[in-house]
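S.K.: Take a look and give me a structure for this.
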Amino acid sequence: MSAGQWIAIGVAVAIALLLVFVVHWLLNHQLGRIWPQARFVVARSTFTAYAAAAVVGANLALPDKGDVDWSTYRTIEHAMVILMIASLTGLGISLAYAATDMILARLSNSNGDADRRARRIQTQVRLLRRVVTSIIVVLAISAILFTFDEVRALGAGLLASAGIIGIVAGVAAQSTLANLFAGLQLAFSDSLRIGDVVVIEGEWGRVEELTLVNVTVKIWDERRLVVPVANFTTMVFENWTKQGTEIMAKVMLPLDWEVPVEALREEAGRLITSSKHWDGRSWSCQVVDILNEGLVVVRVVATASDTGDQWNIACEIREHLAAWLVEHYPESLPRKRTELVTGGDDADYAARFPTSAFRRSGSARRAERALVEHEEAGEN
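M.R.: I've put the predicted structure just below:
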């Protein structure tokens, strides 16, 4: 290649890069004032736009094959075509992500857990853009492969055997396809959304990410539980925010029979109605069970607007009533009663408890002691 040809390529690349710089500057400074979402386009396409501009500019300025006497020029030209397809694919994916970022940013300003529609759309948008990205990448790889003459010659044979290939691929990727369709089913049936509070495999947490393969649940202690998407369509799980964020806080108190239920109910009501975590709907304090251990179970229930308030008011009830009972009614605390019978002779005890093992063992001990005393008296 001559010096003029190299200069032409350099000028074409420089002009392409300058155009991208101008477009970014306009988006940041001019259009950004009236269209705040322009920052998403700039942020997503900072690298891909310059890379695509450089490759496209170089391809446009490449001389014809007849003007270059390099034996490897055909290979270089082929490599530049592949780079152009790859860079334009990256730019297209970046712009698609920028468009969805605008939607997600607008939805993130909604009312948190209470806006179920916004969280549902967020889940669907995130999942759809992953599906679209996967399709674009597959098409780009196919386009790159068909730039090779050998693959293009096999095109008719590949199309003729597409049915067999599809069956083989379906069997090989059975679990992946199952997760893909399970993810689409979850997103569009509104069974699971990003931000939902769920209980899965005994763990309580919030759905942090929903992909084509896994669901990431952020556990309350900052751990992440990664569950295959298909598990949510085949296993039972709890969704605490499926229809709304309202929930009940429940506190179970095992207490002694001497607990003053009316006084406890009055104190619980005073605490709940004055708590900032109570949503004002309802509350109750009732004896709900009697245990075999000789205790009664008092259940205190209070409604809350979301899971955060539910946890806080439950802890508040538990802490306050425990301290209140210790201070005012210590006899109400859980205890086990044992009755000891002392005094009197063995006949009285035997009449009251004829099957007592303690009586039998006591009589045997007394008989043995009497025998020893008799033997000692005889020796003397």
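S.K.: Please enumerate the helices of the stretch 101-250 of the chain.
M.R.: With helices called from DSSP state H, counting those that start in this stretch, the stretch 101-250 of the chain shows them at 116-145, 149-153, 155-160, 162-172, 174-188, 231-234.
S.K.: quick one, phi/psi of Gln243?
M.R.: The phi/psi pair for Gln243 (degrees, to the nearest 10) reads phi -100, psi -20.
S.K.: Repeat that for Thr303.
M.R.: Dihedral angles phi and psi of Thr303 (degrees, to the nearest 10) take the values phi -90, psi 150.
S.K.: burial measure for the closest residue to Val326 other than its chain neighbours, as a count.
M.R.: Excluding its sequence neighbours, the residue lying closest to Val326 (Cβ to Cβ, 6 or more residues apart in numbering) is Leu333, at 6.9 Å. All C-beta spots, glycine's among them, are computed from the backbone N, C-alpha and C. Residues lying near Leu333 (other Cβ atoms under 10 Å) number 14.
S.K.: Arg281 now?
M.R.: For Arg281, which is what you asked about, the neighbour count (other Cβ under 10 Å) is 11.
S.K.: Run through the residues that contact it.
M.R.: For Arg281, the contact set (Cβ atoms under 8 Å, 6 or more residues apart in numbering) comprises 246, 303.
S.K.: How about Ser305, nearest residue that isn't a chain neighbour?
M.R.: Distances taken as Cβ to Cβ, 6+ apart place Asp279 nearest to Ser305, at 4.3 Å, with adjacent residues excluded.
S.K.: Which pLDDT value goes with Gly166?
M.R.: Per-residue confidence (pLDDT) for Gly166: 54.
S.K.: Let's see the pLDDT reported for the residue nearest to Ser305.
M.R.: According to the predicted model, the pLDDT of Asp279 comes to 89.
S.K.: same thing with the one 3 residues further on?
M.R.: Among the per-residue scores, Ser282 shows a pLDDT of 92.
S.K.: Might one say that it is in contact with Thr303?
M.R.: Yes. Using Cβ atoms under 8 Å as the test, Ser282 is close enough to Thr303 to be in contact (5.3 Å).
S.K.: pLDDT below threshold where in the stretch 101-250 of the chain?
M.R.: Residue ranges of the stretch 101-250 of the chain with pLDDT under 70: 108-116, 150-180, 187.
S.K.: Tell me the buried residues in the strand or helix carrying Val251?
M.R.: Under the assignment given by DSSP states H and E, the secondary-structure element containing Val251 is strand 247-255. When neighbours are counted by 16 or more other Cβ atoms under 10 Å, the buried residues of strand 247-255 are found to be 247, 249, 251, 253, 255.
S.K.: any weak-confidence spans in the stretch 251-380 of the chain?
M.R.: By pLDDT under 70, the low-scoring segments of the stretch 251-380 of the chain are 337-380.
S.K.: Could you give the number of residues near the residue lying closest to Arg224 once chain neighbours are set aside?
M.R.: Counting by Cβ to Cβ, 6+ apart, the nearest residue to Arg224 once its immediate chain neighbours are dropped is Thr216, at 5.5 Å. For Thr216, the count of nearby residues is 16 (other Cβ under 10 Å).
S.K.: Look up how far Ala54 lies from Thr216.
M.R.: For Thr216, the distance to Ala54 equals 36 Å [Cβ to Cβ, to the nearest Å].
S.K.: roughly how far is the strand holding Val251 from the heart of the chain?
M.R.: Distance of strand 247-255 from the chain centroid (Cα atoms, centre = their mean, to the nearest Å) equals 26 Å.
S.K.: ok, residues contacting that strand?
M.R.: When contacts are defined by Cβ under 8 Å, 6+ apart, strand 247-255 is touched by residues 240, 291, 293, 295-304, 306-307, 309-311, 313-314, 317-318, 321, 325, 332-334.
S.K.: Helix or strand next in line after that strand, which one?
M.R.: Helices and strands here follow DSSP H and E; after strand 247-255, the next one along the chain is helix 261-274.
S.K.: C-alpha coordinates for that following helix, CSV please?
M.R.: Extracted C-alpha coordinates of helix 261-274, given in CSV (Å, rounded to 0.1, in the frame of the first residue of the first chain):
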residue,chain,number,x,y,z
VAL,A,261,-54.8,-11.5,79.9
GLU,A,262,-56.9,-8.3,80.1
ALA,A,263,-54.0,-6.2,81.4
LEU,A,264,-51.7,-7.7,78.8
ARG,A,265,-54.2,-6.9,76.1
GLU,A,266,-54.5,-3.4,77.2
GLU,A,267,-50.7,-2.8,77.3
ALA,A,268,-50.3,-4.4,73.9
GLY,A,269,-53.0,-2.2,72.4
ARG,A,270,-51.4,0.9,74.0
LEU,A,271,-48.0,0.0,72.5
ILE,A,272,-49.2,-0.9,69.0
THR,A,273,-51.5,2.1,68.5
SER,A,274,-48.7,4.4,69.5
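S.K.: Go through it and flag the buried ones.
M.R.: Along helix 261-274, the positions that meet the burial threshold by neighbour count (16+ other Cβ under 10 Å) are 264-265, 267-268, 271-272.
S.K.: Turn those residues into CSV, columns for distance to His24.
M.R.: Shown next, in CSV, are the buried residues of helix 261-274 (distance: Cβ to Cβ, whole Å):
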residue, distance to His24
Leu264, 67
Arg265, 67
Glu267, 65
Ala268, 62
Leu271, 59
Ile272, 57
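S.K.: Tell me the one of these nearest Ala230?
M.R.: For the buried residues of helix 261-274, the closest approach to Ala230 (Cβ to Cβ) belongs to Ile272, at 42.0 Å.
S.K.: correct me, but Ala302 touches Trp278?
M.R.: Yes. In this structure Ala302 lies within contact range of Trp278 using Cβ under 8 Å: 5.5 Å.
S.K.: what's the overlap in contacts for the two?
M.R.: When Cβ under 8 Å, 6+ apart defines a contact, the residues bordering Ala302 and Trp278 alike are 272, 313.
S.K.: And for the residue nearest to Ser305, the neighbour number?
M.R.: Applying the criterion other Cβ under 10 Å, we find 17 residues in the vicinity of Asp279.
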